[in-house]
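# Here is a sequence with its predicted model. Questions after.
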Amino acid sequence: MQRLNAIDAITPAMNHTQRLLGGPRNWRVWLKIGAVAFFAQMGGCSSSFNVPRGHHQGLPPAFAAVLVAIGVVIAVIALILGLAFFYLSSRLQFVLFDMVLRRDTRVAPIWRRYDRATWYWMGLKVLFFLAVLLFLAPVLVPTILHFIHSMPDGPALPRERMPELLGAMFGFLGAIFLVILFIGLLYALLADFGLPSMALEGTSLADTLRRIVWLVRAEPGQVLVYLILRFLLSFAAAIGCYIALAVFALVLAIPFGGCGFALWMALRHAGTGGQFVLIAGSVVLIAAILVPLVVAAILLFGVSSTFLRAYSLFFLGGRYPLLGSILEPDPGSPFTPPPPFPSPDERSDDGGPPFPMDPVIA
């Protein structure tokens with residue numbers, strides 16, 4: 001496969017997305033890919049909650065103990081659900097990768113293919129976020145402390161301290177934005193350049209990181225342009241999806257909103273039975289608006305996720321021969337499927353298979 005730069009990879013990615021979603025298929029394929037992509041992105045979410053604590057002086061000890069026990073149970077349930085969603089999203093990232101790469105939308109066979117690779121990928125993501133937190137702690141902690149110290153002590157804020165507080169607030173928000181952007185770009189490197197080798201060859205954590213580093217060292221300019229374009233394409237896709245959803249919501253709101261207004265005008269002075277009908281009708285109308293919106297959001301998310309994944313594949317395909325041979329197989333040679341995920345006994349002594357990307361490093 002020809003090695004494409006970050007700009008030239010856009011057109012074949014669009015064509016690949018069109019072949020996958022625009023062929024003789026139906027909307028259920030879009031919905032399936034959108035659902036896989038949606039749940040594949042849930043691993044980065046985290047849930048926060050407050051365990052009941054403090055202000056127990058006026059409560060009986062038994063009641064306070066019950067509150068603490070309830071908080072502990074909620075915390076354990078939230079932790080279990082978070083780990084379950086983390087596993088689900090990590091495995092579905094392989095499913096989305098394979099669906100886009102081979103244009104095969106059968107989820108069950110792909111799901112079974114990446115059992116062991118999922119645990120390696122989860123471990124790599126945990127190590128990544130821990131390393132990022134340790135790296136950013138010297139910057140984040142002073143910024144947060146400065147913002148806290150800039151907050152007023154009392155309810156009234158002196159006018160002369162307003163510029164100082166606004167400066168601290170904008171500085172804090174700017175730092176948070178830069179941190180999120182920095183983490184997002186690093187994670188894009190990990191997901192776009194690390195996950196393919198884990199999926200196709202079952203590389204170890206160290207081997208996967210070494211391949212990413214070698215690729216960045218070989219073509220730092222192209223990788224930087226790729227990350228910038230990927231961010232801009234993601235931002236443009238998100239804006240386009242929001243605009244399309246807003247227009248669709250407006251279209252839905254006109255007829256259903258009119259029905260709801262007519263129902264309210266007819267039953268607002270009715271008795272108990274009329275009020276019950278009004279509430280039930282309102283619930284039905286709200287569901288009639290929300291369900292198509294959710295389906296449309298999943299469909300749009302599937303299109304944007306498919307394109308972004310295809311973009312990463314075509315940029316990497318010319319630099320990763322095994323990936324390129326699957327993405328654009330040679331018509332003159334028979335197709336050879338990628339090797340299965342190797343067992344520990346099948347690995348080489350240096351921790352994994354040799355590096356296949358052919359970087360140009362002196």
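Yep, it's here.

# mind listing the helices for the stretch 1-150 of the chain?
Listed in chain order, the helices of the stretch 1-150 of the chain (DSSP state H, counting those that start in this stretch) span residues 10-21, 27-40, 61-102, 107-113, 115-150.

# In a markdown table, list these along with mean neighbour count.
Bear in mind the C-beta positions are built from the backbone N, C-alpha and C, glycine included. Output for those, formatted as a markdown table (neighbours: other CB atoms under 10 Å):
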| stretch | mean neighbour count |
| --- | --- |
| helix 10-21 | 18 |
| helix 27-40 | 18 |
| helix 61-102 | 16 |
| helix 107-113 | 14 |
| helix 115-150 | 14 |
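
# Mind putting the ones you listed into a markdown table with mean pLDDT and distance to L327?
Below are the helices of the stretch 1-150 of the chain laid out as a markdown table (pLDDT from 0 to 100; distance: least, CB to CB, whole Å):
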| stretch | mean pLDDT | distance to L327 |
| --- | --- | --- |
| helix 10-21 | 88 | 8 |
| helix 27-40 | 81 | 17 |
| helix 61-102 | 86 | 6 |
| helix 107-113 | 88 | 16 |
| helix 115-150 | 80 | 19 |
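
# Out of the ones you listed, which gets nearest to E328?
Distances from E328 to each of those were compared by CB to CB, and the smallest falls on helix 10-21, at 8.6 Å.

# That closest one vs helix 27-40, what angle?
Compare the direction of helix 10-21 with that of helix 27-40 by axes from the mean of the first three to the mean of the last three CA atoms, to 10 degrees and you get 120 degrees.

# With only the CA atoms kept, save helix 10-21 in PDB.
In PDB, the C-alpha atoms belonging to helix 10-21 read as follows (Å, rounded to 0.1, in the frame of the first residue of the first chain):
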ATOM      1  CA  ILE A  10      -8.600  12.000   3.900                       C
ATOM      2  CA  THR A  11     -10.000  11.200   0.400                       C
ATOM      3  CA  PRO A  12      -9.500   7.400   0.600                       C
ATOM      4  CA  ALA A  13     -11.000   7.400   4.100                       C
ATOM      5  CA  MET A  14     -14.100   9.100   2.800                       C
ATOM      6  CA  ASN A  15     -14.400   6.600  -0.100                       C
ATOM      7  CA  HIS A  16     -13.900   3.700   2.400                       C
ATOM      8  CA  THR A  17     -16.600   5.100   4.600                       C
ATOM      9  CA  GLN A  18     -18.900   5.400   1.700                       C
ATOM     10  CA  ARG A  19     -18.300   1.900   0.600                       C
ATOM     11  CA  LEU A  20     -19.000   0.600   4.100                       C
ATOM     12  CA  LEU A  21     -22.100   2.600   4.800                       C
END
